[in-house]
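*Asks:* Generate coordinates for the sequence data below:
(chains A and B, ligands or ions: 2)
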Amino acid sequence: MTGAAQGGKAPSLAARRERTSLGVKLLNAPYLLWSVIFIVVPILMVVFYAFSETASYYAISFSAGGQEYSCELPAGEGEEALTLEEAKEKAAERYGVALSEAEFTRATLEIRSGGFTLENLRQVWSPSSRHAMLLSFLYSFAATAISLVIAYPFAYVLSRSGAKSQRIQMLLIMLPMWMNMLVRTYSWQQILENNGIINKVFAFFGLGQATMLGTPGAVILGMVYNYLPYMILPIYTVMSKIDVSLLEAADDLGCNGFQKLCRLILPLSVPGVISGLIMVFVPSISTFYISQKMSNGMIKLVGDLIESKIKDQWGSGGLNVGAAMSLVLMVIILVCTFVMNRFSDEDGGGMVV
Amino acid sequence: MERFIELRGISKIYDGEKVLDNIDLDIHDKEFITLLGPSGCGKTTTLRIIAGFVTPDEGNVYFNGQEVSEVPPYKRPVNTVFQRYALFPHLNVFENVAFALRLRKTPKAEVEKRVREMLELVRLESFAKRGIDKLSGGQQQRVAIARALISRPKCLLLDEPLAALDAKLRKDMQVELRRIQRETGITFIFVTHDQEEALSMSDTVVVMANGRIQQIGSPIDIYNEPQNAFVADFIGESNILDGVMLADRRCRFARTNFDCLDAGFAPNEPVDIVIRPEDVDVVPPERGMLRGTVTAVTFKGVHYEIIVDIDGFKWMIQSTDFVAAGENIGLYIEPDAIHVMKKSEFSGMFGDYSTFSDEMDEENAANELPSDGEAEN
Ligand SMILES: Nc1ncnc2c1ncn2[C@@H]1O[C@H](COP(=O)(O)OP(=O)(O)OP(=O)(O)O)[C@@H](O)[C@H]1O
Ligand SMILES: [Mg+2]
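*Replies:* Ligands and ions are numbered 1, 2, ... in the order given. Predicted structure coming up:
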């Protein structure tokens, strides 16, 4: 009797699965649209700008002696930037016409964009941007390492404490994240300033003033402070999923506490460590706000460089160079992520231990 | 045999419920002892107390006469085969088995040799490089056994280690475990809720119910001399009747007086009478000591299982001769087939097959005894 009932059920179940898979596709459609609009299109735009030029020039036409002349002159940048008057002068000079004789029919600043060029990428390799990249890499590497050292024991203790204390500790970790990151960084600036809180305390005890803002340490501190929760959470998640019976089995087979850590907990928590590393490293290497505030603009990381390029040289190719830098950064991050993921795939991460 | 592990007055309370109640147990050196009882009776908890994962609320555990409440699990000379395997997911079969040896920095060649031996023992030689998640439940169980055995502990705790195996492999592993135990001289504390497994493997069987030990004895004692209705019902099939001891070696049940072999009860003391289905002879009605109507017959291979209605009480009888449902038959019971037990908290709860006979559908006959269901509740 039960057999017959099951037999009757089987096809309808398969049919239902088919229907759900169609339903799932439909449900996926908005997500697909979303990712096209907000992920694919922006990336394509970055690629487009990175490989195209933006040039501003003066389009100048004039007549002199019954003859029409017209030409385009690069507007130049910074020190070499031409004013409109200078441009007119140059144009007249080019055709050997006296400026007073020229009758200008057109003299405007124009922007041309879209032409393919590798010039932007070449600029990424310029000394100043190479330096910024190296700094970014070093600082975010340090910040990631420090975060790991702090987060790992913390996550372990957290995962082994009682349910109620776990909830409270989680709340304490999440609490700063409810505040805007800019505000948090700004308050650190207040704390570290030359006449900030710490130095006031120092002064109170008759200690000398310590310059903290503007040092690499301050920047790294800002990174660690802001991104530490992203290290703790994935490690904690993985650790709290380690079955107690596994720890008991290890105990049973003769592991002392230290051996349990090395042989069981470390290897089993590698996936969490990997995602923690990525989640701290990626935002650290591309940050600009933290370095700006914690160094008073004295330390320039890639993020700062990109920001200033785009902001300060918007019309004259800064956007393109910024896009090229972003693209290179993105590739570097992708490679790093890929390498780190390889670690966790290979034999359970024994290499990290 | 020397006394190796002693439990004295062990009680454990979970959420206000006493899951172990004053357990006293001696476990001897080189003994194969089995804890047998229905689900939830406290078998795993008892093992965990011995292994040191659970601290009892009352009572003490002694190893070789030493109190061990301060000894952490990893220092106790026992290894456990966990009910849910607890294999290490990041290690393959070989490394799981080798785990205990690696901890002790055993030389490579020896590790290799001993792991091979163990894998051979549990017949998983060709699986050494497999990941744990790519094994069947039964294979995982065997890895767990090998992992616990490899460090040659003085005592092995096995929590239903054969539950996930098919009948054939299960039988093989029973023989294999028994052989291993004899050869190594390791004390085995074995947990099962399969009474057949308990009887066929053990030196000593401990029957548990409701957090208490009901009976401790050799398999033969437990089967032939059950101490109360629970044990009689849980071990094998039993007809358990309300009776009275008229005098020594004379009792009365089913409105009939019988000769029996038991003595030492007060005159007219109410008792429980156990009669095993295979000890009853089917005879023509006129020669029977009891007479009744057959209500159901099931073919069981070696014998027929016959349900007989005698004055409203349904008896189960096993016979190699066929009788048809509806037939009137007589029952003949020898004095040595009658076992008399003192009344207990379990009196009247087991031993009547009336629920069994009426709705004798396929599912019921397949494996489930009505007694199991009752015992769990
Ligand atoms: N950690 C715990 N917290 C609360 N109750 C528990 C805990 N462990 C066991 N129990 C309870 O104790 C009782 C005995 O459990 P135990 O695991 O010892 O049973 P068991 O005899 O091994 O059963 P099974 O045959 O199903 O494995 C059960 O009622 C169970 O619910
Ligand atoms: Mg159990």
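
*Asks:* what about chain B, any weak spots by pLDDT?
*Replies:* Along chain B, the parts satisfying pLDDT under 70 run over B:1, B:355-377.

*Asks:* hmm, 50 instead?
*Replies:* Counting by pLDDT under 50, chain B shows low-confidence ranges at B:357-377.

*Asks:* Also chain A?
*Replies:* Low-confidence segments of chain A, defined by pLDDT under 50: A:1-10, A:347-353.

*Asks:* Now the residue nearest the centre of it: closest residue in space that isn't a chain neighbour?
*Replies:* In chain A, the C-alpha nearest the mean C-alpha coordinate belongs to residue A:286, at 3.5 Å (C-alpha atoms, centre = their mean). In space, and not counting its chain neighbours, residue A:286 is closest to residue A:303: 5.2 Å by C-beta to C-beta, 6 or more residues apart in numbering or on different chains. The C-beta positions use only the backbone N, C-alpha and C, and glycine is treated the same way.

*Asks:* Assign the one you found to helix, strand or coil.
*Replies:* helix (DSSP: H, G, I helix; E, B strand; the rest coil).

*Asks:* go on, residue B:7?
*Replies:* Residue B:7 ends up strand, using three-state DSSP.

*Asks:* one step back: return the residues in contact with the residue nearest to the centre of chain A.
*Replies:* Residue A:286 makes contact with A:136, A:302-303, A:329, A:333, according to C-beta atoms under 8 Å, 6 or more residues apart in numbering or on different chains.

*Asks:* Out of those, who's the most crowded?
*Replies:* residue A:302 (28 neighbours; other C-beta atoms under 10 Å in any protein chain shown).

*Asks:* element containing the closest residue to that residue other than its chain neighbours, please.
*Replies:* In space, and not counting its chain neighbours, residue A:302 is closest to residue A:136: 4.4 Å by C-beta to C-beta, 6+ apart. Using DSSP states H and E, residue A:136 falls within helix A:127-160.

*Asks:* Quick one: list the elements packing against the helix or strand where residue B:271 lies.
*Replies:* Element membership for residue B:271 (DSSP H and E) is strand B:269-275. Where contact means 3 or more C-beta pairs under 8 Å, 6 or more residues apart in numbering or on different chains; DSSP states H and E, strand B:269-275 is packed against helix B:229-234, strand B:239-247, strand B:250-253, strand B:338-342.

*Asks:* list the buried ones in the third one?
*Replies:* Okay, so that is strand B:250-253. For strand B:250-253, the neighbour count (16 or more other C-beta atoms under 10 Å in any protein chain shown) marks B:251, B:253 as buried.

*Asks:* So which other helices or strands are in contact with it?
*Replies:* Using 3+ C-beta pairs under 8 Å, 6+ apart, strand B:250-253 sits against strand B:239-247, strand B:256-259, strand B:269-275.

*Asks:* if I look at residue B:295, how far off is residue B:326?
*Replies:* Per C-beta to C-beta, to the nearest Å, residue B:295 is found 8 Å from residue B:326.

*Asks:* With neighbour numbers in mind, choose between these two.
*Replies:* Shown here are residue B:295 and residue B:326; by other C-beta under 10 Å, residue B:295 has more neighbours (19 against 10).

*Asks:* I figured that one hits residue B:309, correct?
*Replies:* Yes - at 5.2 Å, residue B:295 counts as touching residue B:309 under the criterion of C-beta atoms under 8 Å.

*Asks:* relative orientation of the host helix or strand of residue A:329 and helix A:127-160 in degrees?
*Replies:* Using DSSP H and E, residue A:329 sits within helix A:319-345. Angle, helix A:319-345 to helix A:127-160, by axes from the mean of the first three to the mean of the last three C-alpha atoms, to 10 degrees: 40 degrees.

*Asks:* Spell out which parts of chain A neighbour ligand 1.
*Replies:* Contacts of chain A with ligand 1, taken as C-beta under 6 Å from any ligand atom, are absent.

*Asks:* Burial check on whichever residue of chain A sits closest to ligand 1, number of neighbours?
*Replies:* Of all residues in chain A, the one sitting closest to ligand 1 is residue A:244 (10.0 Å; C-beta to the nearest ligand atom). Using other C-beta under 10 Å, residue A:244 has 10 other residues around it.

*Asks:* where do the helices sit along the stretch 201-350 of chain A?
*Replies:* Using DSSP state H, counting those that start in this stretch, the helices found in the stretch 201-350 of chain A span residues A:216-240, A:244-252, A:257-260, A:266-286, A:289-294, A:302-312, A:319-345.

*Asks:* same question, chain B
*Replies:* Applying DSSP state H to chain B gives helices spanning B:43-51, B:93-103, B:108-121, B:137-149, B:167-184, B:195-201, B:219-224, B:229-234, B:354-358, B:362-366, B:370-376.

*Asks:* re the thing from before, how far away is the residue nearest to the centre of chain A from residue A:56?
*Replies:* Distance, residue A:286 to residue A:56, using C-beta to C-beta: 28 Å.

*Asks:* ok, now residue A:95?
*Replies:* For residue A:95 relative to residue A:56 (C-beta to C-beta), the value is 22 Å.

*Asks:* Comparing those two, which residue is more hemmed in?
*Replies:* A side-by-side neighbour count of residue A:95 and residue A:56, using other C-beta under 10 Å, places residue A:56 first with 18 against 13.

*Asks:* Now stretch B:164-182: buried residues?
*Replies:* By neighbour count on 16+ other C-beta under 10 Å, the buried set for stretch B:164-182 is B:164-165, B:169-170, B:173-174, B:176-178, B:180-181.

*Asks:* Reformat the residues you listed into a markdown table and put distance to residue A:159 next to each item.
*Replies:* Formatted as a markdown table, the buried residues of stretch B:164-182 follow (distance: C-beta to C-beta, whole Å):
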| residue | distance to residue A:159 |
| --- | --- |
| B:164 | 30 |
| B:165 | 34 |
| B:169 | 38 |
| B:170 | 38 |
| B:173 | 36 |
| B:174 | 40 |
| B:176 | 39 |
| B:177 | 36 |
| B:178 | 41 |
| B:180 | 37 |
| B:181 | 38 |
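
*Asks:* can you narrow those to ones near ligand 1?
*Replies:* Near ligand 1, judged by C-beta under 6 Å from any ligand atom, there are no entries from these.

*Asks:* Strands of the stretch 51-200 of chain A, start to end?
*Replies:* A:52-64, A:67-74, A:103-116 (DSSP state E, counting those that start in this stretch).

*Asks:* packing partners for the last one?
*Replies:* Counting contacts by 3+ C-beta pairs under 8 Å, 6+ apart, strand A:103-116 packs against strand A:52-64, helix A:84-94.

*Asks:* so what's residue B:11 up against?
*Replies:* B:18, B:20-23, B:56-59 are the contacts of residue B:11 under C-beta under 8 Å, 6+ apart.

*Asks:* Quick check: bridge partners of it?
*Replies:* For residue B:11, the beta-bridge partners are residue B:58 (DSSP bridges).

*Asks:* Residue B:42 versus that one, what's the distance?
*Replies:* Separation of residue B:11 from residue B:42 (C-beta to C-beta): 10 Å.

*Asks:* Also residue B:251?
*Replies:* 34 Å.

*Asks:* cool, and residue A:196?
*Replies:* Taking C-beta to C-beta, one finds residue A:196 at 63 Å from residue B:42.

*Asks:* which one of those two has more residues nearby?
*Replies:* Neighbour totals were compared for residue A:196 and residue B:42, and residue B:42 leads with 25 against 16 (other C-beta under 10 Å).

*Asks:* And the more buried one, how far from residue B:275?
*Replies:* 30 Å.

*Asks:* Contact partners for the residue nearest to residue A:87 when sequence neighbours are not counted?
*Replies:* Leaving aside its sequence neighbours, residue A:87 sits nearest to residue A:58 (C-beta to C-beta, 6+ apart; 4.1 Å). Shown in contact with residue A:58 (C-beta under 8 Å, 6+ apart): A:72-73, A:75, A:82, A:84, A:87, A:91, A:107-110.

*Asks:* May I see the residues you listed arranged in CSV, with neighbour count as well?
*Replies:* Converted to CSV, those look like this (neighbours: other C-beta atoms under 10 Å in any protein chain shown):
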residue, neighbour count
A:72, 14
A:73, 17
A:75, 20
A:82, 19
A:84, 14
A:87, 23
A:91, 24
A:107, 16
A:108, 11
A:109, 14
A:110, 11
